[in-house]
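In: Got a predicted structure plus its sequence, pasted below:
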Amino acid sequence: MFSYEVLTEGIMKGDADVVECEINKALNGGTDAQDILEKGLIGGMSVVGKRFGAGELFLPEVLKCAQAMHKGLGIVKPLLSDSKKKVTGRIVIGTVEGDIHDLGKRIVCFLLEGNGFEVIDLGVDIKGEAFCEAVEKHKPDILGMSALLTTTMPNMRKTINLLKEKGLREKVKIIVGGAPVTNQFATSIGADGYAPEAGSAVEWVRKAISKP
């Protein structure tokens with residue numbers, strides 16, 4: 001018999017086989033795919049995000065949880081009609097020009113997806129022009145920029161200034177993060193928010209999108 005508790009536990013343990021088995025049980029028993037997505041997958045990853053933010057889970061464990069969650073997403077997504085898909089918000093994210101570090105960014109992406117957000121990951125070494133093009137094309141609620149090197153942090157400011165020049169700045173909220181980035185720096189470059197780690201990034205995005 002299908003159990004949301006077992007499905008959630010499978011995600012928490014990063015056990016893709018359990019996740020696949022429980023979802024198949026649920027579908028065979030007539031459980032709605034949207035409910036599986038929201039109550040099972042998103043619910044499970046929400047707990048993972050909170051535990052990661054509290055220091056109870058570490059990066060390798062979160063990656064394993066995310067892999068299990070993606071296994072489940074692969075099963076239920078094709079069964080969701082466009083009209084029933086409930087996307088919480090859209091985020092464009094990338095590591096700024098000159099920086100090729102993306103582990104932290106990947107964790108943020110996993111947690112955002114697991115919490116029901118549509119994530120468009122541009123990758124690493126992204127020029128300001130490419131960020132602007134993505135904002136124009138995808139019309140995201142949030143733009144996220146990451147940097148792990150102090151030498152690439154100024155490219156966050158350059159990107160924000162370029163968005164202003166193109167008349168795009170007011171159309172998107174911006175959050176920045178990365179090991180050397182601070183709240184003071186975020187404020188100084190005109191970003192709307194800053195997150196020291198992935199869990200707080202998800203919470204900031206959720207609050208920012210919920211505000212008019």
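Out: That came in fine, so what should we check first?
In: Domain ranges for the protein, per the record?
Out: Domain assignment for the chain by automatic domain parsing gives 4-79, 90-210.
In: which stretch in the ones you listed is the model least sure about?
Out: Of all those, mean pLDDT reaches its minimum on domain 4-79 (a mean of 88).
In: Kindly check the end-to-end length of that one for me.
Out: For domain 4-79, the first-to-last residue distance is 18 Å (C-alpha to C-alpha, to the nearest Å).
In: same check, this time on stretch 131-144
Out: Start-to-end, stretch 131-144 (C-alpha to C-alpha) is 10 Å.
In: Please produce a markdown table containing the domains of the chain, extended by mean neighbour count.
Out: Placement of C-beta: from N, CA and C, glycine included. As requested, these are exported to a markdown table (neighbours: other C-beta atoms under 10 Å):
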| stretch | mean neighbour count |
| --- | --- |
| domain 4-79 | 18 |
| domain 90-210 | 19 |
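In: how about the helices of this structure, start to end?
Out: Using DSSP state H, the helices found in the chain span residues 4-12, 16-28, 33-35, 43-53, 59-76, 103-114, 128-138, 154-165, 183-188, 198-210.
In: Can I get those helices in CSV including distance to Ile93?
Out: What follows is the helices of the chain, written out as CSV (distance: least, C-beta to C-beta, whole Å):
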stretch, distance to Ile93
helix 4-12, 22
helix 16-28, 24
helix 33-35, 25
helix 43-53, 16
helix 59-76, 15
helix 103-114, 6
helix 128-138, 9
helix 154-165, 12
helix 183-188, 15
helix 198-210, 9
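In: Return the distance of Asn91 relative to Ala201.
Out: Quick fix: residue 91 reads Ile, not Asn. Ile91 sits at a distance of 10 Å from Ala201 (criterion: C-beta to C-beta, to the nearest Å).
In: before we move on, what about Tyr4?
Out: From Tyr4 to Ala201 the distance is 26 Å (C-beta to C-beta).
In: try Ile175
Out: 7 Å.
In: What spatial separation is found between Cys65 and Lys50?
Out: Separation of Cys65 from Lys50 (C-beta to C-beta) stands at 12 Å.
In: what touches both of these two?
Out: Counting by C-beta atoms under 8 Å, 6 or more residues apart in numbering, Cys65 and Lys50 have no contacts in common.
In: Report the contact partners of Gly144.
Out: By C-beta under 8 Å, 6+ apart, the contact set of Gly144 is 91-94, 105, 108, 174-177, 201, 205.
In: Just put these in JSON lines and tack on distance to Phe131.
Out: Conversion of the contacts of Gly144 to JSON lines gives the following (distance: C-beta to C-beta, whole Å):
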{"residue": "Ile91", "distance to Phe131": "12"}
{"residue": "Val92", "distance to Phe131": "7"}
{"residue": "Ile93", "distance to Phe131": "10"}
{"residue": "Gly94", "distance to Phe131": "6"}
{"residue": "Lys105", "distance to Phe131": "13"}
{"residue": "Val108", "distance to Phe131": "16"}
{"residue": "Ile174", "distance to Phe131": "10"}
{"residue": "Ile175", "distance to Phe131": "13"}
{"residue": "Val176", "distance to Phe131": "12"}
{"residue": "Gly177", "distance to Phe131": "15"}
{"residue": "Ala201", "distance to Phe131": "17"}
{"residue": "Val205", "distance to Phe131": "17"}
